[in-house]
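Asker: sequence and predicted model, in that order:
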Amino acid sequence: MAYVQVSQDPTKDWRNGYLLTTLKGLGYTTKVFLRQFFRLEKTVTKQWPDEEPDYSSRFKGKHFLTQRPDGRVRCTACFLCATNCPAQCIKIVAGETAEQGIEKFPVRFEIDILRCVFCGFCEEACPVDAIRLGPEYTMAGLAEEKWVYTLDHLLNRPAIREKIGAAQLSKKVENEKWNANANH
Amino acid sequence: MTNTENTLNAEKTQNLVNLTIDGKPVSVPHGTSVIEAAKKIGSKIPHFCWHPGLSVAGVCRLCMVKIEGNPKLQIGCNTQVTEGMKVETKHQEAKEAQKWALEFHLVNHPLDCPTCDQAGECKLQDYYMQVGRYDSQVNEEKVLKPKALDVGTELILDTERCILCSRCVRFEDQVSKTSSLGIFNRGDHSQIGLIPGRRIEHNYSYNLVDICPVGAFTARDFRFKCRVWFLEKTKTTCPGCSTGCSVSVFGNKMEREYYRLKPEVDHEVNGHWMCDYGRKMYKHCNASARQSVPQKNGTPVDWNRITNELVQELTKARNKKVALVLTPQYTNEEYALVLSSIKQILGTTPTVFIWRPETENPTEFDGVLFRGDHNANTKGLERALSQANIQAEIIRGNIEPLKNANPDLTIVLGPEIEMAYGNIENTLQSLSKLSNVVYFGVTLSDTTKQFSLTVPTKVFVEKNGTYLNYNSMPRKLIANAPVFSQIMGLDDMFAAALQRIEQ
Amino acid sequence: MPLMKNDYLGRKPEDFRIFSIFEGKENHRTLDAYRQHDGYAALTKVLKEKIPPDDVITMVKNSGLRGRGGAGFPTGMKWGFVPKAPGEKYVITNFDEGEPGTYKDRYIAEMNSHMLIEGMILAAYAIGAAKSYVYIRGEFIEERKWVETSIREAYEAGFLGKNILGSGFSHEMDIYFGAGAYICGEETGLISSLEGKKGQPKLKPPFPAVQGYLGKPTIVNNVETLAAVPWILRNGPDAYRKFGTEKSAGTKLFNLSGPIVNPGCFELPLGYPLKRFIYEDGGGLLDGKKLKAVIPGGASAPVLTAAEIENINLDYESVAAAGSMLGSGAVIVIPEDISMVDVLHNIMAFFAHESCGQCTPCREGTGWLFRIVDRFKKGTATKADLDRVYDIANNMAGRTICTLSDAAAMPAKSFIRKFAHEFEARIR
């Protein structure tokens, strides 16, 4: 046998009343303010854009195209990303070269970022690790044209070089390094 | 004569052999190969080198089957059926042999599927998915061979992708009879190549792309344009000449863009092949080559008003002289409808002219498929006119006879495939000098703006109907969704016009 | 050429000399020398006495003569397959001796090629062919001259040409030079090459006896087979059967090579003990080395270990029972200090180079096997490679148009099975 003794209405208790709870809250705010003001505690708020937030390295942000060691685009215009894209936001026009080792390359590579759902399927589908979703998370802009990313923007924008640097290099180089390490 | 034609002929003689394939009884004519007999009951034996339109090579060694009482596996393509034979196509041993045959094919195959045009319709891919061993044993350096060779006006050859099935060599020897290809070197350095001093320049070169089971031959015209999995096909008839080959038109439904034509097997007309001229028949169908909006004296007219405009033009010409210029590139149904409805609207029969190419040799035939009459429906037009009891005069380039008739209204059903007419600009120019011309056509040009009414028409892939080929055999057209959604066909337009008149 | 050393079961050497009879004689390649040894007697007898062609075939059948090129198919039976109806028919001599270790056909040409020419005319008479070809390997420059001279002599003496010896039988003979492809030793490959095409075997059926050269009935026989025919017709099938065993009748040329004291070409009756052949006729291994292995029938025959050859006789059945084959009779001796990996590497390089490239399993398989064996040689192979050789070899054998893939698969399998420890030692 158990029962609850409802001897008093909790809302009518003075400890739960307006004045005391307000003061308690103000007190806590003041405490945190002072602690953070005197740098006794780390602030959670980031002073963006002055301060960059830390994102996971797996963050799927703005796309970029990787390069071959000589700076040419790594993409072979196989259309697998475009095929796999659930939002159908990738448009590729393929071209042909007579260059040794490269037969097919993208003349145009466009991503309609307003359609993109950042699912990363393009990354998954790519057989040559040519497209990746990078760490950039700001994509604000004003003019309409900005929303279709061109090949040049995807491949050569300075921001991506700055952010990830050497990781933009081709996978082949990485593989070679890996193999060299594995062999010895 | 092809193997399959043999089969068809032999079937008539009722000389049948009874055997069982995978436990199913089947009766086929004497001399049939196991692979064909199996096809008949729907058990498909994988194969690369065997092609029903070519001789048997027996080199890919993929079509291995188990035949009861035979210790060794046999190839299905070179083994003829015998009475009481028991064939197992899915026998464990046969399956293992097929797995390994595919494995051997991949030893030196570059696996550059991402950049290969054939990917998606590649037999090597398909069979590996169906019967291959997924834990590949191949871990070798590959033999490198020349890639992207220029072997002909329409073809590019990648000898690395080639699996040396020799279909192309046999095609060159047996069908086009040009013998410009051969296999050079020995062992795993064997490669397909041009015989010195020759190039593939005949009118059937795209068939090599079709019969190549992998992407060794790629078509210059289609190369890198589109991946095949975006394409959907429509089976229809080629409008390129009076042979009327059965073809498929491949287009990307989403982009509303056509990319290529391929032959469909039709033993009565084209067998397995089609010509290079016919392969171009998609080009005039695409939006970039076409007129989408009707024009009245050079100003665009809304499609909703086009019937009104047409009725207006026709009713104005009642009891006056009307000339009707027809080209042999429309369907039988369109001819019948146009002739009857114009007669009904005008109350009289117009003077009919047949506009044919300036220079042509309609009786010419290249011995394979291609005929000198580059109009798909010459026979159909003749029949339509004779059924309507109309005597028509033929005009070629020079429109003097039409001018002499001095018509108050001229209705021109212009050619759909202007390529067949050489340079039609001059003829269009002289037509534009006439008063009141209603022109139905496909292509945009400055001259067509000068007509009093220019109406874009549908092209063959957008029409249902029939052609009569050189042999008066009906050839069927099957409609695809039009490139311009608002476009009206002749049938809709004249039917609506008739309705308007009756109101 | 080394001297023949024949001694068999107490019989004198001349008792079973068919090809080696000219050895040591002066001017032994001439027509006169051949005539001194009853040359063209068989042909004269057949044509003069008007022996029906079927009787000639029956005699060859009864003699138990089997194809000496390697397969050992009964010769008389092969001739019997040719349709009897008159029409264009051909006899072709397979002188494209390419099997590594074999040099018996050139020995016959070197001795006296009239033996071959008479045999060819007799074969042509038996099947009713008006034209025959000698398909000589391109590298055999001297042999080509000798055969050419002999044919010219035969023409001059009236054994070739129109209306031979007044019998009404006419026959023309020509020489065709190969371009150095091993595969042209395969009969249909040879026919393709003779037709002016790339030397590639053809699909069977149809068999050459029904549709061969230019689509006409054709018999293709080895030099040694045809060269034995005159002797058989001269002395009768029973005399021939006196040599050899029940199923492998007659004598055969055997080639002994390797580090042997006395290597060379030996004419021996079939059924001769292999060990005795190596140690007595061949004089044993050089420097008294120990025998490790023997390849009894040219590079394509499975290898036999020293223990396995103890009780083997050189006839088709005995060698087959031991799991190898007599092939062309090229006995290759491998001593203990030679690595079997290196031997297999050599053999595989040969087959990878000589595959015609027509059928996929052979074209890719021979190259693949070579690459794997190459890894063993370089010491970069893995354990999986050892099993892979088996898988590849098993799936090449019997899956192609001709038997070159079998010929490549058999040594690969037998080497790795019998000398696994040597291969395992090379695993990385």
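Answerer: Good, I have the coordinates. Numbers count the residues shown, from 1 in each chain, chains lettered A, B, ... in the order given.

Asker: how much space between residue C:303 and residue A:94?
Answerer: Here the criterion is Cβ to Cβ, to the nearest Å. By it, residue C:303 lies 54 Å from residue A:94. For every residue, glycine as well, the C-beta is placed using N, CA and C.

Asker: more neighbours: which of the two?
Answerer: For residue C:303 against residue A:94, the residue with the higher neighbour count under other Cβ atoms under 10 Å in any protein chain shown is residue C:303, and the figures read 27 against 23.

Asker: just the pLDDT for the spatially most central residue of chain A.
Answerer: In chain A, the C-alpha nearest the mean C-alpha coordinate belongs to residue A:61, at 2.7 Å (Cα atoms, centre = their mean). According to the per-residue confidence, residue A:61 scores 90 in pLDDT.

Asker: what's the answer for residue A:177, then?
Answerer: Looking at residue A:177, its pLDDT reads 59.

Asker: residue B:421 against residue B:357, yeah?
Answerer: Yes: using Cβ atoms under 8 Å, residue B:421 is in contact with residue B:357, at 4.8 Å.

Asker: for chain A, what's its nearest residue on chain B.
Answerer: Among all residues of chain B, residue B:114 sits closest to chain A, at 3.4 Å; criterion: Cβ to the nearest Cβ.

Asker: neighbours around that residue, how many?
Answerer: Applying other Cβ under 10 Å, we find 18 other residues in the vicinity of residue B:114.

Asker: same question for the longest strand along chain A: list its buried residues.
Answerer: Longest among the strand segments of chain A by residue count, using DSSP state E, is strand A:104-112. Buried residues in strand A:104-112, defined by neighbour count with 16 or more other Cβ atoms under 10 Å in any protein chain shown: A:104, A:105, A:106, A:109, A:110, A:111.

Asker: the fifth one bridge partners, please.
Answerer: Beta-bridge pairing for residue A:110 (DSSP bridges): residue A:91.

Asker: how far away is it from chain B?
Answerer: 14 Å (Cβ to the nearest Cβ, to the nearest Å).

Asker: dead centre of chain C: give me the residue that sits there.
Answerer: With distances taken as Cα atoms, centre = their mean, residue C:69 lies nearest the centre of chain C, 2.5 Å away.

Asker: quote the end-to-end distance of stretch C:409-428.
Answerer: Across stretch C:409-428, the straight-line distance between its terminal residues is 24 Å, by Cα to Cα, to the nearest Å.

Asker: I meant stretch B:442-451, not that one.
Answerer: Taking Cα to Cα as the measure, stretch B:442-451 stretches 14 Å from start to finish.

Asker: and that stretch, how far from the chain's centre?
Answerer: How far stretch B:442-451 lies from its chain's middle: 28 Å, per Cα atoms, centre = their mean, to the nearest Å.

Asker: what does stretch A:41-60 give?
Answerer: Remark: stretch A:41-60 is offset 12 Å from the chain centroid, using Cα atoms, centre = their mean.

Asker: so which bits of that stretch are buried?
Answerer: Buried residues in stretch A:41-60, defined by neighbour count with 16+ other Cβ under 10 Å: residue A:60.

Asker: span of it from start to end?
Answerer: End-to-end distance for stretch A:41-60, by Cα to Cα: 31 Å.

Asker: any residues of the stretch 251-400 of chain B in contact with chain A? List them.
Answerer: Neighbours of chain A within the stretch 251-400 of chain B, by Cβ under 8 Å from any Cβ of the partner chain: residue B:254.

Asker: how about 6 Å then?
Answerer: Contacts of the stretch 251-400 of chain B with chain A, taken as Cβ under 6 Å from any Cβ of the partner chain, are absent.

Asker: low pLDDT regions in the chain?
Answerer: Since no chain was named, I'll use chain A. Across chain A, the ranges flagged by pLDDT under 70 are A:1-6, A:165-184.

Asker: right idea, wrong chain: chain B
Answerer: Counting by pLDDT under 70, chain B contains low-confidence residues at B:1-14.

Asker: ok, which stretches of the stretch 101-250 of chain B are strands?
Answerer: Counting by DSSP state E, counting those that start in this stretch, one finds strands in the stretch 101-250 of chain B at the ranges B:149-150, B:155-157, B:181-184, B:191-194, B:217-219, B:232-237, B:246-252.

Asker: among those strands, which comes closest to chain C?
Answerer: With distances scored as Cβ to the nearest Cβ, the stretch of the strands of the stretch 101-250 of chain B nearest to chain C is strand B:181-184 (6.8 Å).

Asker: tell me where the stretch 251-400 of chain C has helices.
Answerer: Secondary structure of the stretch 251-400 of chain C (DSSP state H, counting those that start in this stretch): helices located at C:274-276, C:316-321, C:340-354, C:360-378, C:383-396.

Asker: centre of the chain to the second one, how far?
Answerer: The chain centre lies 16 Å from the centre of helix C:316-321; the measure is Cα atoms, centre = their mean.

Asker: mean confidence score for that helix?
Answerer: Averaged across helix C:316-321, pLDDT comes to 92.

Asker: neighbours around residue A:124, how many?
Answerer: Residue A:124 has 11 neighbours, counted by other Cβ under 10 Å.

Asker: and chain B, what are its domains?
Answerer: With automatic domain parsing as the criterion, the domains of chain B are listed as B:3-98, B:106-224, B:290-502.

Asker: how about these, which one is nearest residue C:374?
Answerer: Between residue C:374 and the domains of chain B, the shortest gap by Cβ to Cβ is with domain B:106-224, which sits at 10.1 Å.

Asker: how far does the closest one stretch from start to finish?
Answerer: Counting by Cα to Cα, you get 23 Å between the two ends of domain B:106-224.

Asker: and the stretch 101-250 of chain B, which residues reach chain A?
Answerer: For the stretch 101-250 of chain B, the contact set with chain A under Cβ under 6 Å from any Cβ comprises B:114, B:115, B:148, B:224, B:227.

Asker: at 8 Å instead, please
Answerer: For the stretch 101-250 of chain B, the residues in contact with chain A (Cβ under 8 Å from any Cβ) are B:112-115, B:119, B:147-148, B:223-225, B:227, B:229-230.

Asker: mind checking the SS state of residue B:430?
Answerer: helix (DSSP: H, G, I helix; E, B strand; the rest coil).

Asker: run through the residues that contact it.
Answerer: Residue B:430 sits next to B:399, B:403 when contact means Cβ atoms under 8 Å, 6 or more residues apart in numbering or on different chains.

Asker: how close does it sit to residue B:412?
Answerer: Taken as Cβ to Cβ, the spacing of residue B:430 relative to residue B:412 amounts to 12 Å.

Asker: any chance of JSON lines for the strands of the stretch 101-250 of chain B, columns mean neighbour count and distance to residue C:361?
Answerer: What follows is the strands of the stretch 101-250 of chain B, written out as JSON lines (neighbours: other Cβ atoms under 10 Å in any protein chain shown; distance: least, Cβ to Cβ, whole Å):
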{"stretch": "strand B:149-150", "mean neighbour count": "14", "distance to residue C:361": "27"}
{"stretch": "strand B:155-157", "mean neighbour count": "24", "distance to residue C:361": "24"}
{"stretch": "strand B:181-184", "mean neighbour count": "20", "distance to residue C:361": "17"}
{"stretch": "strand B:191-194", "mean neighbour count": "20", "distance to residue C:361": "18"}
{"stretch": "strand B:217-219", "mean neighbour count": "23", "distance to residue C:361": "24"}
{"stretch": "strand B:232-237", "mean neighbour count": "19", "distance to residue C:361": "35"}
{"stretch": "strand B:246-252", "mean neighbour count": "21", "distance to residue C:361": "34"}
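
Asker: to residue C:279, which of the ones you listed lies closest?
Answerer: By Cβ to Cβ (comparing all of the strands of the stretch 101-250 of chain B), the closest turns out to be strand B:181-184, at 47.8 Å.
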